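Chemist: Quick one: sequence plus predicted model below, questions after.
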Amino acid sequence: MLIEAALSGLILGGMYALVAMGLSLQYGVARIMNLSYGELLVAASFSAWALFTGAAVNPLAGLLAVVPAAFAASWLVYRLLLAPLVRRARTRDALEVDTILATFGLAFVVQGVMLGFFGGAYYSYGYLAVPVKILGATVAVNRLIALGVAVAIGLALYFGLTRTRAGTAVRAVAVDPESARLVAIDVRATAGFAFALGGALVAAGGVLVSMFLTFNANLGVLFTMKALIVVIMGGVGNLLGALIAGLLLGLTETFVATWVDPGLTLAATYSLFLLVLLARPQGLFGGSGR
Amino acid sequence: MSAAAILEVANLSRRFGGLLAVDDVSLRVAAGEIVGLLGPNGSGKTTVLNLISGALRPDRGTVLLSGAPIHRLPAFRIARMGVARTFQLVRVLGSMTCRENVLAGVAFGARGQWGASARRAADELLSRVGLGERADTPGADLTYIDQKRLELARALALRPALLLLDEWLAGLNPAELRLGIELVRSLRAQGVGILLVEHVMDAIRSLCDRCVVMNAGRVIAEGTPAAVLADAEVVRAYLGDEDA
Amino acid sequence: MSGRALAWGCGAAVLVGLLALVPFAADDYRLSLAISILSYTVLATAWALFSGPTRYVSLATVAFFGIGAYAVAVLGEHNPWPLVLLAALGIGVAVALVVGLATLRLSGVYFVIFTFGLAELVRQLVTWYEVNRTRTLGRYVFLDIGPAQIYWQLLALAVMVFALGILIRRSRLGLALRVIGDDEAVARHVGVNTTRVKVALFTLSAAFMTVTGAVMAPRWTYIDPAIAFNPVVSFQVLIMALLGGAHRLYGPLLGVVPLTLLFDFLLARFPNHFIMMVGVAFLLIVYAIPQGIAGLLERALGKRR
């Protein structure tokens, strides 16, 4: 029982971490607080479902279609919807208010479209729902695959950011956009790239999650909420922090669902958030900050 | 020096991540004394002002205002106790008129006035800094120099015992500089203690009773303007001696 | 000056008196529309009371509205009505204080995130409580309160929220709010206890939202958590306030009237695409008229902010 819960908490936490890394890119680098983030995740889940049930494409192959599509869509959203706000904003605070409003509106548009297509019902599909035994605990193969893919994507992202030129530019903009400009980094293009990359990550998360969770058109808010909390807990722009915070959140939720009550998982999430706010508003792993 | 100390800072330290921005700084300002806080860019001067005004909390050390510890208090409480400041990058309330800008200081500072008398007080302060005609102009529409004046009027509205000026004289032309220096002097005559961060050497020489020089977060010299500006270590801090 | 104030006061009193007659003149459909307009007027004006000057975007309107409605569903049948309203108010204020004290000490982002999921949190908690303790999900509200009484209560709330808005505008609190909206660091350095001001205003604003929910509860005969905590309400209130202009007291009203009519029409004609259309309308407003109708009017009249 304990191992089983720990294992599914770990898998769920891995998903949260992956999704939170994407949000961290959007908020930490592109400086966009994206409240439509969860809607993109759910849209990706629906795409995977449609590909699987409609065209018999397995979700891992579906990743190859959905993730690039999400990258392109996010890039377009940044260029068409958000870049004008960036240009219009006089201060960082004004930009924050504007982007919060715009992405909040976008969330309702995307959600509305999904409700139009799929209604409010819950969806799921069976892909490799074969139980295997690990350390005496039973887990479905699709969950293990999801975790494996998430780890692979996370590692690829980590090395991409630390070992490549483009990754270095992204990190430079995250730390200090003004100085980045001085060393000839195209800040606006980099921000757009980071935003699109974040969109690709959350879409990957959506496809992976759809392999083993049921979902409906209204779930976006919850995923946005959880990703935001993980980012705050981990410290904005801190990928390792996001990983640890994501796992922590996944384990907490699973333990609460297993031993307390499944109806109280969001309350557990909020309690965790409240604790962080009261004790360490700069994030669990941030420095003392300014 | 024997006059009662308005401000006594002792062993103040503050770290940002790996950087020790302020390292064991001690200084004092007496009533009616103007103390210059000098040093090259990045030496920690503004951080010291932020630690005194409560914008930041020190990691170690104490700040006493007329003998009372204030280093653990929130900024608004410190302001009400009579510590007023201006900002390195001018911060006026852009959407509010000049009168409302000053009214903010009158209403929430130590005197806590409101109503017609508060408006009168605000208008008097505006006239004092030479903005009497602009009472109904929004702060954002003022010129740079007028914004600086407005900022000072707002600070004075708190009836400060201690005034922190962060490069308030920077960017003024010679005529404006002379006016600014006169204004600061008249405050000293009223017994206000003034700690000013400044790069304008003329102003430092003609205004400051004493100077404290910082470099890399530490105090490296202290004394009269003439003495510290001649100090070898100060010259080295500003100009560098090896590879600069 | 006082003569002008007197004239304004008389005008407002006459207007309120005329509005109070609406239930005698209007048919059922029009009265229900008038109730919608009034309830959104209170909600959007209360929203703008806090979020307008401080620019802290609150996404939690329906959390408080729903708390009020649900309090009535639970307590309504066995208690006198004023006591029920007071109880609802007390719960709403308590929740607002917790949220405000936890988040408003910090930067605005935390507040937005916290309010973003708040309605969903309260909804899940209420669901959990109902399923586990009372073993029912959904309640019937049988109260002897008709549409006309609801209308008059809402009108009274609207008068109160406008009166409060005027009082605040003229008080030190109003000045403090505007200073915070312009520059929070300056506010602290002129002696404004920024946390207290923000928490006080947020709580006041939430109190109005809660009581509006309570007053509206008898409109539904059946309430379940999904109805009471419908996130679209938060969204609609936000749109209305922004369309009208959140920086003026009368601003939200300018957005409420046309949008209530528009949404009523859209919901009847395109029930399946309603949310998407509201989203599109919202984006149009954010991009095309960021200062709201009030801002446009002021510019047209050549008046400065």
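Modeler: Perfect, I can see it now. What you are looking at is a predicted structure, and each value in this text was computed from that prediction instead of being measured. Numbering: from 1, shown residues only, chains lettered A, B, ... in the order given.
Chemist: now the strands for the chain?
Modeler: No chain was given, so I picked chain A. Using DSSP state E, the strands found in chain A span residues A:131-134, A:137-140.
Chemist: Sorry, I should have been clearer: chain C.
Modeler: Listed in chain order, the strands found in chain C under DSSP E are C:139-140, C:222-223.
Chemist: would JSON lines of the ones you listed with distance to B:Ala232 and mean pLDDT be doable?
Modeler: Quick note: C-beta positions are derived from backbone N, CA and C, even for glycine. As requested, the strands of chain C are exported to JSON lines (distance: least, CB to CB, whole Å; pLDDT from 0 to 100):
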{"stretch": "strand C:139-140", "distance to B:Ala232": "83", "mean pLDDT": "84"}
{"stretch": "strand C:222-223", "distance to B:Ala232": "81", "mean pLDDT": "89"}
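Chemist: ok, residue 57 - contacts?
Modeler: Went with chain A since none was named. With contacts taken as CB atoms under 8 Å, 6 or more residues apart in numbering or on different chains, A:Val57 has the following neighbours: A:Leu51, A:Ala65.
Chemist: my bad, the chain I had in mind was chain B
Modeler: Going by CB under 8 Å, 6+ apart, B:Arg57 touches B:Arg14, B:Leu51, B:His71, B:Arg72.
Chemist: Closest one of those to A:Met1?
Modeler: In terms of CB to CB, no member of those lies closer to A:Met1 than B:Arg72, at 48.4 Å.
Chemist: Can you tell me how far the residue lying closest to that closest one once chain neighbours are set aside is from C:Thr194?
Modeler: With CB to CB, 6 or more residues apart in numbering or on different chains as the criterion, B:Arg72 has its nearest non-adjacent residue at 7.3 Å, and that residue is B:Arg57. Computed with CB to CB, to the nearest Å, the distance linking B:Arg57 and C:Thr194 is 16 Å.
Chemist: try C:Val278
Modeler: The gap separating C:Val278 from C:Thr194 is 34 Å, by CB to CB.
Chemist: quick one: B:Trp224 and B:Val213 touch, right?
Modeler: Small correction: residue B:224 is Thr, not Trp. No. Taking contact to mean CB atoms under 8 Å, the distance of 11.8 Å between B:Thr224 and B:Val213 leaves them out of contact.
Chemist: Compare the two (neighbour count), which wins?
Modeler: Applying other CB atoms under 10 Å in any protein chain shown to B:Thr224 and B:Val213 shows that B:Val213 carries more neighbours, namely 24 against 13.
Chemist: which residues pair with the more buried one across the strands?
Modeler: Residues found in beta-bridge contact with B:Val213 (criterion: DSSP bridges) are B:Leu38, B:Ala221.
Chemist: Tell me if I'm right that it and B:Val235 touch.
Modeler: No. When contacts are counted by CB under 8 Å, B:Val213 is not listed as touching B:Val235 (10.2 Å).
Chemist: number of nearby residues for A:Leu274?
Modeler: 16.
Chemist: who's in contact with it?
Modeler: For A:Leu274, the contact set (CB under 8 Å, 6+ apart) comprises C:Ala102.
Chemist: Grab the nearest non-local neighbour of the closest residue to chain C within the stretch 101-250 of chain A.
Modeler: Proximity to chain C, evaluated over the stretch 101-250 of chain A using CB to the nearest CB, is greatest for A:Gly112 at 2.6 Å. If the residues on either side of it in the chain are set aside, A:Gly112 comes closest to C:Met276, at 2.6 Å by CB to CB, 6+ apart.
Chemist: for C:Phe235, same thing?
Modeler: What sits nearest to C:Phe235 in space, not counting adjacent residues and going by CB to CB, 6+ apart, is A:Phe108, at 5.9 Å.
Chemist: cool, and C:Ile293?
Modeler: The shortest distance from C:Ile293 to any residue other than its chain neighbours is 4.4 Å, reached at C:Leu254 (CB to CB, 6+ apart).
Chemist: is it true that the one you found touches C:Leu243?
Modeler: Yes. With contact defined as CB under 8 Å, C:Leu254 and C:Leu243 form a contacting pair (7.4 Å).
Chemist: quick one: which of these two has more around it?
Modeler: Legend: neighbour count by other CB under 10 Å for C:Leu254 and C:Leu243, higher for C:Leu243 (25 against 21).
Chemist: Secondary structure element holding B:Val22?
Modeler: Under the assignment given by DSSP states H and E, the secondary-structure element containing B:Val22 is strand B:19-30.
Chemist: Now that strand: buried residues?
Modeler: B:Leu20, B:Ala21, B:Val22, B:Asp23, B:Val25, B:Leu27, B:Arg28, B:Val29, B:Ala30 (16 or more other CB atoms under 10 Å in any protein chain shown).
Chemist: Tell me who's in contact with the fifth one.
Modeler: B:Val25 makes contact with B:Val9, B:Asn11, B:Leu12, B:Ser13, B:Gly44, B:Val48, B:Gly61, B:Met214, B:Gly217, B:Arg218, B:Val219 under the criterion CB under 8 Å, 6+ apart.
Chemist: Not counting its neighbours along the chain, what's nearest it?
Modeler: The spatially closest residue to B:Val25, leaving aside those adjacent along the chain, is B:Leu12, at 4.6 Å (CB to CB, 6+ apart).
Chemist: Count the neighbours of whatever residue of chain C ends up closest to chain A for me.
Modeler: Closest residue of chain C to chain A, CB to the nearest CB: C:Met276 (2.6 Å). Residues within reach of C:Met276, counting by other CB under 10 Å, total 19.
Chemist: My guess is C:Val256 contacts C:Ser36. True?
Modeler: No. Taking contact to mean CB under 8 Å, the distance of 9.0 Å between C:Val256 and C:Ser36 leaves them out of contact.
Chemist: Would you mind telling me which of the two has the busier surroundings?
Modeler: Taking other CB under 10 Å, C:Val256 and C:Ser36 do not tie; C:Val256 has more neighbours (27 against 18).
Chemist: low-scoring stretches of chain A, by residue?
Modeler: Within chain A, the segments meeting pLDDT under 70 span A:129, A:281-290.
Chemist: What are the buried residues along stretch C:148-167?
Modeler: Buried-residue list, stretch C:148-167, by 16+ other CB under 10 Å: C:150-155, C:157-159, C:161-162, C:164-165.
Chemist: of those residues, list those near chain B.
Modeler: When those are checked against chain B using CB under 8 Å from any CB of the partner chain, none falls in range.
Chemist: what's the most distant pair in those residues?
Modeler: Greatest spatial distance among these (CB to CB): C:Ile150 and C:Gly165, at 22.4 Å.
Chemist: give the contact list for residue 150.
Modeler: Just going to use chain A. Contact partners of A:Ala150, counting by CB under 8 Å, 6+ apart, are A:Gly14, A:Met15, A:Ala17, A:Leu18, A:Ala204, A:Gly205, A:Leu208.
Chemist: actually chain C
Modeler: Applying CB under 8 Å, 6+ apart, the residues near C:Ile150 are C:Ile35, C:Val215, C:Met216, C:Pro218, C:Arg219.
Chemist: how about the residues you listed in TSV, adding pLDDT and neighbour count?
Modeler: Conversion of the contacts of C:Ile150 to TSV gives the following (pLDDT from 0 to 100; neighbours: other CB atoms under 10 Å in any protein chain shown):
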residue	pLDDT	neighbour count
C:Ile35	94	24
C:Val215	94	28
C:Met216	93	23
C:Pro218	90	23
C:Arg219	88	16
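Chemist: between these, which is nearest B:Asn101?
Modeler: For these, the closest approach to B:Asn101 (CB to CB) belongs to C:Val215, at 40.7 Å.
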